[in-house]
Each structure stands twice: as structure tokens, then as C-alpha cells.
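In: model the following, please.
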Amino acid sequence: MTIKPLRWLLPFIIMGGAYAGYAAIASTAPEPLESKPPKAPPVVKVSRVLSSDHKVVITSHGELQPVEVTQLSAQVSGEVVSWHPNFVVGGVVKRGEVLFRIENDNYQAAVLQAEAQLASARAALIEEKAKAEVAARQAKNLPQKQVTDLYLRKPQLLSADAQVKSAMAELKRATRDLENCNVVAPYDALVVAKQIGVGQFISAGAQVAVLNNVEAGEIHLPIAGFDSAFLPQDYAGTSATVIQHGIENVQRTAVIDRDLGVIDASTRMINLVVRVDNPYAMESDKAPIKFGSYVEVQFAGKELKHIYRLPQELVNNRQVWVVNSDNQLEPRTVNVLRAEKEFMLINQGLTDDDQIVLTVPEYPQKGLQVEVAVQDNPSSL
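Out: Below you'll find the model as predicted:
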């Protein structure tokens, strides 16, 4: 009696097991492969290059120095009675201003004495000339043998004339000494040192101050070997720009005056001398550039023909990337003549209208197919 229910359930058990096995096999089967769309080529920005003639800009640095330094000395001795209010260390005085005065009473007296001696000598000369004229008239009535130079008073006349010249020289010397009691600035000057004060007695020839000429300054400019090849043929007289960098840059026009004529033994460089007029901006509203300032100097060098000027970031290991007519990347090896700030100057390896890649893909390869981005305002390098 119990066997019949099992026979009735057996078909259902077999069907359930079969379905469970099918489900297990289906769950482990690989999914059907999906077809992937083709990968789009990378998009790059390009710019056409055009060659042009380019004048090299040479940049170097140096220290501004005075063109002239004077160890000021007194020409006469005496007591210092006064000095100019700007005649202090750090003061600036103008050409011809009296820096200090020496007591001049004795020198005024010497001038008066010299004037008196000159007047006396001139009177003696006039007297001798009169005597000589009398002797000459009397000599006409005497035999020729008796008429001598002594009789005609020629020696006395020469002596009187010499006395006049001597008195004139003495007056000139006394006048000069009197003038030298006022010691004046030989040029517009910066007072660097001062060794005198009011009431001090100084001797003739004693050093009293050190002055720097502020009418002009000089910069000794070292020129590196890679720049010397680009110097103009005749650089003397070439205009230059002097820049003192700071919160606000100070800029002046200068001129290359000369070179020092030798190669520096320590740096193996030549040194140009750049002259800057009026560095302290006397009677000007410009900012001064003081002696000792470290400045930048720029000036034009040789003119290079048929040059390509590319930003430095586009040149990697003397190689740039271009897009050819098939829209494929192509590496170009270029010859870099020199770098100027953020640009490279190239004379070989490119042709006009080459399309330089501005946005190089992450992994550029020769022959890589690219798409050139459309630009509203395409530019040229």
C-alpha cells in the first residue's frame, strides 16, 4: 500500500532535479562577448610655424660702480671756517659748490702785496723805457763805437721787464691760493668719506674727503662664452637697458662704452663696460640707481636669419612633434641655437607652415593618428 504514493511522486522529483542542474550550468556559463566600438584618435591643438629674422637679446648682470673716485685734498693750508651742509657722508653736492672754506686773511694780504709789487715793477719798467729813449736820442750824436747796449740801457730794460713778469706770476700764484681757500666740488658728487671739521687746521696736500662722481656710472658686464658668439661686430656705442629689480623695477637707458681688453682669468669671460649717465637722477623725477646695486643689462646682439621661435615647453631633448598631411604625429629633431627667456631659437629641422603640436598626447608615438582640434582663431608661432 505504501509503494503507490512513491511511484506517483517520482516523476516530479526527477523533473525538479533536472531543472536545478540546468540552472546551475546556466549560471556558470560565460557571458556572450560584446563588440567594442573603435577608439577615437586623440585630439591635439596645433599652430603653424613661420620663420623670421630675429635680433638676439643678450642679458647679463653686474654691479653699478662710480666712473670716477676722487681723493679730495686741500691746495693750501689753514683753519677750516665753514663747510657746506651737504658735505657729509652720504650727501650729494653739485659741481662747483663750495664744500668748505679755509681762513683766507693771510692769502688776501698776499694778493695785496703781489699787486703792489706788480705796480712797482711796472713803474720801474716805464722809467727804464723813458731812460732808454733818452739814451737812444743822445746816441745819434756819438760815434758808433761809443754806442753800446749798456749805453742804450738795454740790459736795464730787460731786467725791468723781467721784474714785471715775475710780479705778475707772483700775483697769479697769490690769487690762485686765495681762490683755493674755497674748496669746490669738481663734479656732481656723492660724499663717501670726510675727515675734517670746523676749526681744524689742515695742511696743503692733506686728504680731506673721498668723492664719487654721480654724473655717470659704470657696470662691468661679464659675457659668457655662449653669448660672446652673438655679440654684434662693433658693440661700442650700442644702446643697452639697465634694470634694477625690486618691488618696483627701475629702468634706465645706457650705452656700451668699451670692453676691458682682457679675458678674466677666473671666469674666462670677457667684460664689457656699460656707461649709465646720471644714475642718481640729479634734477630728475626718476628713481635713482645707487652705486653697489646689482642690476640686469640687456642689449641687442647679432641678427639671425630664418629663425623659428618656439616656447621652451614644446622642445624636449631637441625634439618637437608635428602633425603631417595624414594627420599623424611625426617627431622632428631640431637645432637649438640659443634660449631666450621662455623661448628657443631654432634654425634647422623645421619648415614654414609645419603644424607644431601644442598639446602633445600622454604617450606620443611616430605615426599615431590624431585629430586636429578646430580653432576659431588659429595662430602662428
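In: which residue is nearest the middle of this structure?
Out: Per Cα atoms, centre = their mean, the C-alpha nearest to the average position across the chain is that of residue 297, at 3.5 Å.
In: ok, it - contacts?
Out: For residue 297, the contacting residues are 59-62, 219, 221, 240-243, 254, 274, by Cβ atoms under 8 Å, 6 or more residues apart in numbering. For the C-beta atoms, the positions are set from N, CA and C on the backbone; glycine is no exception.
In: next one: residue 137 from residue 144, what distance?
Out: 15 Å (Cβ to Cβ, to the nearest Å).
In: so of the contacts of residue 297, which ones are in strands?
Out: Using DSSP state E, the members of these that fall in strands are 59-62, 219, 221, 240-243, 254, 274.
In: mind checking the longest strand of this protein?
Out: strand 294-311.
In: distance from the chain centre to that strand, please.
Out: 15 Å (Cα atoms, centre = their mean, to the nearest Å).
In: pLDDT below threshold where in the stretch 251-381 of the chain?
Out: 376-381 (pLDDT under 70).
In: so is residue 136 in a helix, a strand, or just coil?
Out: Under DSSP: H, G, I helix; E, B strand; the rest coil, the three-state class of residue 136 is helix.
In: how about the contacts made by the nearest residue to it once chain neighbours are set aside?
Out: With sequence-adjacent residues excluded and distances taken as Cβ to Cβ, 6 or more residues apart in numbering, residue 136 is closest to residue 152, at 6.0 Å. Neighbour list for residue 152: 132, 135-136, 139 [criterion: Cβ under 8 Å, 6+ apart].
In: again, only this time at 10 Å
Out: By Cβ atoms under 10 Å, 6 or more residues apart in numbering, the residues touching residue 152 are 131-133, 135-136, 138-139.
In: in PyMOL, select just the buried ones from those residues.
Out: Buried members of these, defined by 16 or more other Cβ atoms under 10 Å, are picked up in PyMOL with:
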select buried, resi 135
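In: for the record, mean pLDDT for stretch 235-245?
Out: For stretch 235-245, mean pLDDT rounds to 93.
In: okay, now that stretch: how far is its last residue from its first?
Out: End-to-end distance of stretch 235-245 (Cα to Cα, to the nearest Å): 25 Å.
In: hey, where'd the helices end up in the chain?
Out: 3-28, 105-139, 154-179, 225-228 (DSSP state H).
In: out of those helices, flag the one nearest residue 375.
Out: With Cβ to Cβ as the criterion, residue 375 lies closest to helix 225-228 of the helices of the chain, at 36.0 Å.
In: how's the protein carved up into domains?
Out: Recorded structural domains for the chain (assignment: automatic domain parsing) are 46-55+305-372, 58-66+215-302, 72-100+184-214, 104-180.
In: right, and those domains - which one's nearest residue 39?
Out: So among the domains of the chain, domain 46-55+305-372 is nearest, using Cβ to Cβ, at 10.0 Å.
In: just the terminal-to-terminal distance for the closest one.
Out: 7 Å.
In: ok, now stretch 194-214?
Out: Stretch 194-214 end-to-end distance (Cα to Cα) = 17 Å.
In: list the buried residues for that stretch?
Out: Buried residues in stretch 194-214, counted by 16+ other Cβ under 10 Å: 194, 196, 202, 208-214.
In: chain center to it, what's the gap?
Out: Centroid displacement of stretch 194-214 relative to its chain, using Cα atoms, centre = their mean, is 33 Å.
In: offset the numbering so it begins at 56, please.
Out: In the new numbering, first residue 56, that becomes stretch 249-269.
In: mean confidence (pLDDT) on that stretch, please.
Out: Rounded mean pLDDT across stretch 249-269 is 93.
In: just to revisit the earlier point, please name the bridge partners of the residue nearest to the centre of the chain.
Out: residue 115, residue 297 (DSSP bridges).
In: against residue 394, how distant is it?
Out: Per Cβ to Cβ, residue 352 is found 18 Å from residue 394.
In: ditto for residue 317
Out: 28 Å.
In: of the two, which one has the most company?
Out: Per other Cβ atoms under 10 Å, whichever of residue 317 and residue 394 has more neighbours is residue 394, with 12 against 8.
In: got the contact list for the more buried one?
Out: Applying Cβ under 10 Å, 6+ apart, the residues near residue 394 are 281, 367, 370, 400.
In: neighbours around residue 192, how many?
Out: 8.
In: try residue 117
Out: 20.
In: and the residue nearest to residue 124 when sequence neighbours are not counted, how far is that from residue 182?
Out: In this structure, residue 124 finds its nearest non-sequential neighbour in residue 267, 5.7 Å apart by Cβ to Cβ, 6+ apart. Note on residue 267: its distance to residue 182, by Cβ to Cβ, is 56 Å.
In: now do residue 324
Out: For residue 324, the distance to residue 182 - Cβ to Cβ - is 74 Å.
In: same check on residue 269?
Out: Remark: distance between residue 269 and residue 182 (Cβ to Cβ) = 56 Å.
In: likewise for residue 349?
Out: Residue 349 is 73 Å from residue 182, by Cβ to Cβ.
In: contacts only, for residue 275.
Out: Residues near residue 275 by Cβ under 10 Å, 6+ apart: 117-120, 314-315, 319, 326-329.
In: just the buried ones from those, in PyMOL syntax?
Out: Applying 16+ other Cβ under 10 Å to the contacts of residue 275 leaves a buried subset, and the PyMOL line that selects it is:
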select buried, resi 117+119+120+314+326+327+328+329
